[in-house]
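Undergrad: coords below, sequence missing:
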């Protein structure tokens, strides 16, 4: 919905090298034998020059055949009419019985001299009003002509020149429905010689106070907008972007349910919605031509966030309550590939699961989980790592430890980073009794500096409940090493 600054405007012709209507109603015309001219503000190509030789703008549109109206026009004459002749600035109707703004020089017709206006009614009877002196050439004049069923009035440069009663008769519609600028009825009658800058038609009579407010703006600001998202989760925020046309100069946004709930910024940012629901958004844009209001109902959908998940631990496996999606984290860092409901940890630490629902809304929970089956860091005196810190090359030595009778099969040594990712892995077969003394050199020259964990595991083929650090199916030791470069 738009509101013109001058309500009732139904046509506006800036004549800026175009005969088109810029009011938004599309009453476009056709230009004949016209050349661009400088307007009253000194802007080139923003007016039309009428040569007097079949030059005119013709609009074939019955929308202007109305009985209550205001015509507004700016014009500048090159010459004045010779005696007993007229120049037509604009005319609506026919070439005789019409509504018109003229420049006359006819002393024999009741003194039709100078700038004037004429109107026929349904009797038909002609009513006219003139200045009674010829205008200056090369001078811009603002001419306004109004009429209703009671009175016609002529204003020049916002001054009331004259008025005539019309006898409570409706305006005569003329012989045919033609609106001409710079001529009368067609391109060859009473042709104007000079420049015409702007023509406006209103479907009501403007008061003298309203006439002084007529400006050069034809176009109202057409409101339009978009948002970076329209479906969000509660407690999230949205950015809005103005895409209005015709150069608005002010904006008023309304965000019911949002925080803040209003804004006068052109592009409001961080409008937050804390409560689930459907919300309208309204934008009112304004320029010198008027204002426009656009309301988009239920434009924003705010979804409810899911409840925080519950994490359970069985052995080294963490499991979340059901959700649509999962992302496990260790110490607030995403674990690559850990996107299932359960995750098997490889080290102790603070584990978080971020769950998502069908709407993409999320919730999270954390647990301080301990790795089961690996002795704590530096928890076994018979396994040594040296040098520590190391530049990348170090020795792992198993000495003075138990003979681990019954422990056969593979011995594995893994080195993992703080995210549980393996950076080194080695395994070899050992026979019974060979773990009393064991030594392995490891080179991590290619890894980044930081803290790493060495995990040594021996597979337990036979049950050995009496063995130290027995965990059901393997015996393990975990050591920490600092790589410095």
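TA: Great, that's in hand. These numbers come from a predicted model, not from an experiment.

Undergrad: For the rest of this, base every contact and every neighbour count on C-alpha atoms.
TA: OK.

Undergrad: which helices and strands sit right next to the helix or strand hosting residue 424?
TA: With secondary structure defined by DSSP states H and E, residue 424 is part of strand 422-430. Judged by 3 or more CA pairs under 8 Å, 6 or more residues apart in numbering; DSSP states H and E, strand 422-430 is in contact with strand 409-416.

Undergrad: and the angle for the strand it packs on with strand 422-430?
TA: 170 degrees (axes from the mean of the first three to the mean of the last three CA atoms, to 10 degrees).

Undergrad: Return the list of strands paired to strand 409-416, each annotated with direction.
TA: Sheet pairing here is set by DSSP bridges, and for strand 409-416 it gives strand 422-430 (antiparallel), strand 450-459 (antiparallel).

Undergrad: what's the spacing between the helix or strand that the shortest one is followed by and its chain's center?
TA: I take that to be strand 422-430. Scanning forward in sequence from strand 422-430 by DSSP H and E, the next helix or strand is strand 437-443. Offset of strand 437-443 from its chain centre (CA atoms, centre = their mean, to the nearest Å): 64 Å.

Undergrad: Show me what strand 437-443 packs onto, helices and strands only.
TA: Against strand 437-443 (3+ CA pairs under 8 Å, 6+ apart) you get strand 393-399.

Undergrad: Packing partners of the strand it packs on?
TA: strand 383-386, strand 437-443.

Undergrad: repeat that with 10 Å
TA: On a contact count with 3 or more CA pairs under 10 Å, 6 or more residues apart in numbering; DSSP states H and E, strand 393-399 meets strand 383-386, strand 437-443, strand 450-459, strand 474-483.

Undergrad: Need the contact partners of that strand.
TA: If you take CA atoms under 10 Å, 6 or more residues apart in numbering as the criterion, strand 393-399 is touched by 380-388, 413, 435-445, 454, 456, 479, 481, 483.

Undergrad: Kindly recompute the last result at 6 Å.
TA: Outside strand 393-399, the residues that touch it by CA atoms under 6 Å, 6 or more residues apart in numbering are 382-387, 437-444.

Undergrad: Can you list the low-confidence ranges for the stretch 351-485 of the chain?
TA: 372-381, 399-409, 430-437, 459-476, 485 (pLDDT under 70).

Undergrad: 50 instead, please
TA: Residue ranges of the stretch 351-485 of the chain with pLDDT under 50: 373-378, 403-408, 461-473.

Undergrad: And for the chain?
TA: 1-5, 373-378, 403-408, 461-473.

Undergrad: Point to the residue nearest the middle of it.
TA: Against the mean C-alpha coordinate of the chain, by CA atoms, centre = their mean, the closest residue is residue 241 at 2.4 Å.

Undergrad: need the contact list for that residue.
TA: 225-227, 267.

Undergrad: before we move on, the earlier item: out of the contacts of strand 393-399, which end up buried?
TA: If you count burial by 16 or more other CA atoms under 10 Å, the buried members of the contacts of strand 393-399 come out as 383-385, 442, 444.

Undergrad: what comes up buried for stretch 78-94?
TA: Neighbour-count burial for stretch 78-94, counted by 16+ other CA under 10 Å, picks out 78, 80-81, 86-94.

Undergrad: Now do the helices in the protein.
TA: Taking DSSP state H as the test, the helices found in the chain are 208-211.

Undergrad: Need the strands paired with strand 409-416 in CSV (columns: distance to residue 325).
TA: Converted to CSV, these look like this (distance: least, CA to CA, whole Å):
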stretch, distance to residue 325
strand 422-430, 26
strand 450-459, 30
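
Undergrad: Out of those, which is closest to residue 315?
TA: Across the strands paired with strand 409-416, residue 315 has its closest neighbour in strand 450-459 (16.9 Å, CA to CA).

Undergrad: tilt between the closest one and strand 474-483?
TA: Using the same axes, to 10 degrees, strand 450-459 lies at 160 degrees relative to strand 474-483.

Undergrad: How far does strand 450-459 sit from its chain's centre?
TA: 54 Å.

Undergrad: and what of stretch 391-398?
TA: That offset, for stretch 391-398, works out to 60 Å (CA atoms, centre = their mean).

Undergrad: Could you check it and say which residues are buried?
TA: Across stretch 391-398, burial judged by 16+ other CA under 10 Å covers 392, 394, 396-398.

Undergrad: Then stretch 99-107?
TA: By 16+ other CA under 10 Å, the buried positions in stretch 99-107 come out as 99-106.

Undergrad: How about stretch 316-328?
TA: 316, 318-320, 323, 325-328.

Undergrad: Quick one: end-to-end length of that stretch, please.
TA: End-to-end distance of stretch 316-328 (CA to CA, to the nearest Å): 14 Å.

Undergrad: ok now it, how far from the chain's centre?
TA: With CA atoms, centre = their mean, you get 37 Å for stretch 316-328.

Undergrad: Would you mind listing the outside residues contacting it?
TA: 309-312, 335, 338-345, 352-357, 371-372.

Undergrad: Restricted to strands, list the residues you listed.
TA: The members of those that map onto strands under DSSP state E are 311-312, 342-344, 352-356.

Undergrad: Just name the closest of those residues to residue 36, please.
TA: Once CA to CA is applied, the member of the ones in strands among the contacts of stretch 316-328 that ends up nearest residue 36 is residue 356, at 64.0 Å.

Undergrad: what's the neighbour count on the closest one?
TA: 19 (other CA atoms under 10 Å).
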